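Peer 1: any chance you could fold what I've pasted below:
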Amino acid sequence: MIFDMNGNINDSLFNYPLDDFTKFKEKVLSCNRCKLRSTCKQVVMGEGSLDHKIMFIGEGPGYNEDQKGKPFIGKAGRLLDKILDSVKIRRRDIYITNIVKCRPPDNRNPSQQEMDACSSILKTEIKYINPKVIVPLGSVALKYLVGSDKKITRDRGSWFNKGEIFFLPTFHPAYLLRNARMKKPVWEDFMKIKKSMERIEELYDV
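Peer 2: Now for the predicted structure:
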């Protein structure tokens, strides 16, 4: 688990710099903490706003992300962009990343060991963003970030909080490519996210 019940980040940050995001990213791009690095093309770092206090977190990069070195740019990423546009959220105003930064072979789910090996990077990203809202995209992210007892089919669209951080899980856009009927419920989730962003902007003047 990344967080304890009070929203505090567990464990150490493994000496990643907390005063220079560019240096942090450079260090991440040379990571080889687990075996995934030997089977992928490159490390895919998160990207987006460091100031708007909202994070979207998926499970791991896919083929297109691995080729280009950017998160959420394949078919699922393009669908995510359309959903963001539909509720007037600018992608540059969110920070989007994955639990693991290297593509698992054949796009399989990352293992617990792989997620734990990569967790220090995600923890440091969270330290930089200091999010008030985190959107877990899909079951893997929901269970890892919020709790192993959570189910995406049951809990998507519901708010959970740990300390001052609020979580609103929704389906991963890759799931929507296979289940188009769920696009409307996800759109409703994103409307909730939009309202929370507006509130954050009021409170923190971003």
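Peer 1: what's the spacing between the closest residue to Lys27 other than its chain neighbours and Tyr63?
Peer 2: Once flanking residues are discounted, Lys27 sits nearest to Tyr16: 6.2 Å by C-beta to C-beta, 6 or more residues apart in numbering. Every residue, glycine included, has its C-beta placed from N, CA and C. According to C-beta to C-beta, to the nearest Å, Tyr16 and Tyr63 sit 27 Å apart.
Peer 1: mind listing the strands for this protein?
Peer 2: 47-48, 54-58, 95-98, 133-136, 160-162, 165-167 (DSSP state E).
Peer 1: mind checking which of those is nearest Cys31?
Peer 2: When the strands of the chain are compared by C-beta to C-beta, strand 95-98 sits nearest Cys31, at 13.2 Å.
Peer 1: what about the helix ranked longest in the chain, distance to the chain center?
Peer 2: The longest helix of the chain (DSSP state H) is helix 183-204. Distance, stretch centre to chain centre, for helix 183-204: 16 Å (C-alpha atoms, centre = their mean, to the nearest Å).
Peer 1: number the chain from 737, please
Peer 2: Got it, the first residue is 737 from now on, which makes the last one we talked about helix 919-940.
Peer 1: other SSEs contacting it?
Peer 2: strand 790-794, helix 811-822, strand 869-872 (3 or more C-beta pairs under 8 Å, 6 or more residues apart in numbering; DSSP states H and E).
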